[in-house]
Each structure stands twice: as structure tokens, then as C-alpha cells.
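*Asks:* below is the structure, and that's it, no one-letter string:
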């Protein structure tokens, strides 16, 4: 066997398994919160919002990890190594910023929804 100091801390299949497990746990937690929120009716609106916050994370964990692996790939035919590419690094940074902004806009919309649903008011009333 080679030098024990030069081995990886975690191998790729283990990392895949951990991220898939985390995504499933987040999705299961979101589903549980949604069910409890629906059972509680009006008192469960906060739980429904928390479920709405958690649900996108399962997709981000799963597809974000796959996209990251595809960008960091090594192609022996062309010699492409994503780990050394400044373009890949910049695209990863831009992707993280855009995803963060989109999630922030989604959360702002989610938490600005009225507690009891529509109020029936169509415009502002002037005093």
C-alpha cells in the first residue's frame, strides 16, 4: 500500500451517500412539517412555511452536488481538469451567488404571505 499520509479523507461514494442521505432527511423533515401543519389548520401555518423553506434544500443538495462533480471532472481525452480552471471556479462562485439570491427572494415571498390567507381588500383605503 502507498503512503498513508497521502490518502483521501473521504472517498467519492461515501460523499455521495452522505449527501443523498442528507437530502432525503431534509425532504422527510419537510414532509413531516407539512403534514403536521395541515393537521393543525390555521395554527400550523408557521410549520407549513418551514416546510416550504426546507423542501428546496433537498433539490439543491442533490442536483448541486451532481453539477459540482460534473464541473470538477477530469476528462483524460481532452485533458480537462475542472479543479484547475479559473472559469469553473468563477462559474461556481456566480452559481452560488445566484442561488443564494434566488433563495432569499423566495424566502422573502414565502414569509410575506398573509397569515390567514387573502383578506378580501383590493386596495388601500385613504383616511
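*Replies:* Sure thing, it's come through. Every value quoted in this text rests on a predicted model; they were computed, and no experiment measured them.
*Asks:* C-alpha only now, for contacts and for neighbours.
*Replies:* OK.
*Asks:* neighbours around the closest residue to residue 72 other than its chain neighbours, how many?
*Replies:* Here the nearest residue to residue 72 in space, its sequence neighbours aside, is residue 82; by Cα to Cα, 6 or more residues apart in numbering that works out to 4.1 Å. For residue 82, the count of nearby residues is 18 (other Cα atoms under 10 Å).
*Asks:* next secondary structure after the helix ranked longest in the chain?
*Replies:* Scanning the chain for the helix with the most residues, using DSSP state H, yields helix 12-40. Remark: after helix 12-40, the chain's next helix or strand is helix 45-71, criterion DSSP states H and E.
*Asks:* and residue 19, what does it touch?
*Replies:* 61-62, 65 (Cα atoms under 8 Å, 6 or more residues apart in numbering).
*Asks:* quick check: of those residues, which lies closest to residue 102?
*Replies:* Here the nearest of these to residue 102, counting by Cα to Cα, is residue 61; it sits at 15.4 Å.
*Asks:* I'd assumed residue 23 was in contact with the closest one.
*Replies:* Yes. Here residue 61 reaches residue 23: they are 5.9 Å apart, a contact under Cα atoms under 8 Å.
*Asks:* okay, those two: which has more neighbours?
*Replies:* residue 23 (21 against 17).
*Asks:* measure the more buried one to residue 8 for me?
*Replies:* Using Cα to Cα, to the nearest Å, residue 23 is found at 23 Å from residue 8.
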